[in-house]
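In: Sequence plus the predicted model coming up.
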Amino acid sequence: MTMRELEIQFQNAMNELQASFEKQHREWQQSYDALQQQLEESKQREMALLEEAKRREAALHAQNEQLERKLSTATSVPQQHALVKQIKMLGAHLDALAKDAATFNHHLQNQQQTAGNFSGEQH
């Protein structure tokens with residue numbers, strides 16, 4: 001082999017080596033870019049899930065506070081409930097009616113006694 005032939009073989013080998021290196025580098029770069037994209041998408045999904053979890057936690061917290069207020073009101077001050085107030089108001093009206101009825105009955109009895117006294121005096 002001549003020196004020129006060796007140079008040509010060496011140059012061909014170097015070209016093949018460079019082409020192989022460039023091909024592997026492109027494949028590695030594509031793989032790296034794909035992993036980078038997957039990582040970004042995964043981080044975005046994670047952030048969305050965290051935001052959703054925070055929103056749900058806030059909603060549950062508000063609901064729990066509302067239920068605690070209702071429970072506290074229901075157990076500590078039952079007379080403040082509308083139904084209890086209405087029942088008490090009806091009870092007061094019934095008491096007033098009963099008192100008026102007793103007064104009226106007493107008045108009728110007095111009138112009857114007075115009328116009886118007058119009729120008894122006339123006889």
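Out: Yep, that arrived.
In: tell me how far the helix or strand containing residue 57 is from the chain's mean position?
Out: Here residue 57 sits within helix 3-76, counting by DSSP states H and E. The chain centre lies 31 Å from the centre of helix 3-76; the measure is Cα atoms, centre = their mean, to the nearest Å.
In: I'd like the next helix or strand past it.
Out: Using DSSP H and E, the next helix or strand after helix 3-76 towards the C-terminus is helix 82-122.
In: Show me what that next one packs onto, helices and strands only.
Out: Judged by 3 or more Cβ pairs under 8 Å, 6 or more residues apart in numbering; DSSP states H and E, helix 82-122 is in contact with no other helix or strand. For glycine as for every other residue, the C-beta is placed from the backbone atoms N, C-alpha and C.
In: What values do phi and psi take at residue 2?
Out: In terms of degrees, to the nearest 10, the main-chain angles of residue 2 are phi -90, psi 170.
In: For this structure, which residue occupies the most central location?
Out: residue 59 (3.0 Å; Cα atoms, centre = their mean).
In: Under the pLDDT cut-off, which ranges of the chain? List them.
Out: Applying pLDDT under 70 to the chain flags the ranges 75-81, 118-123.
In: do that again at 50, thanks
Out: For the chain, the stretches flagged by pLDDT under 50 are 123.
In: What's the separation between residue 55 and residue 101?
Out: Going from residue 55 to residue 101 by Cβ to Cβ, to the nearest Å gives 62 Å.
In: Which positions within stretch 58-65 qualify as buried?
Out: By neighbour count, with 16 or more other Cβ atoms under 10 Å as the criterion, stretch 58-65 contains no buried position.
In: Put the alpha carbons of it into PDB.
Out: Written as PDB, here are the backbone C-alpha positions of stretch 58-65 (Å, rounded to 0.1, in the frame of the first residue of the first chain):
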ATOM      1  CA  ALA A  58     -60.000  25.400  50.700                       C
ATOM      2  CA  ALA A  59     -63.600  24.400  49.700                       C
ATOM      3  CA  LEU A  60     -63.600  21.600  52.300                       C
ATOM      4  CA  HIS A  61     -62.200  24.000  54.900                       C
ATOM      5  CA  ALA A  62     -64.900  26.500  54.200                       C
ATOM      6  CA  GLN A  63     -67.600  23.800  54.300                       C
ATOM      7  CA  ASN A  64     -66.200  22.500  57.600                       C
ATOM      8  CA  GLU A  65     -66.300  25.900  59.200                       C
END
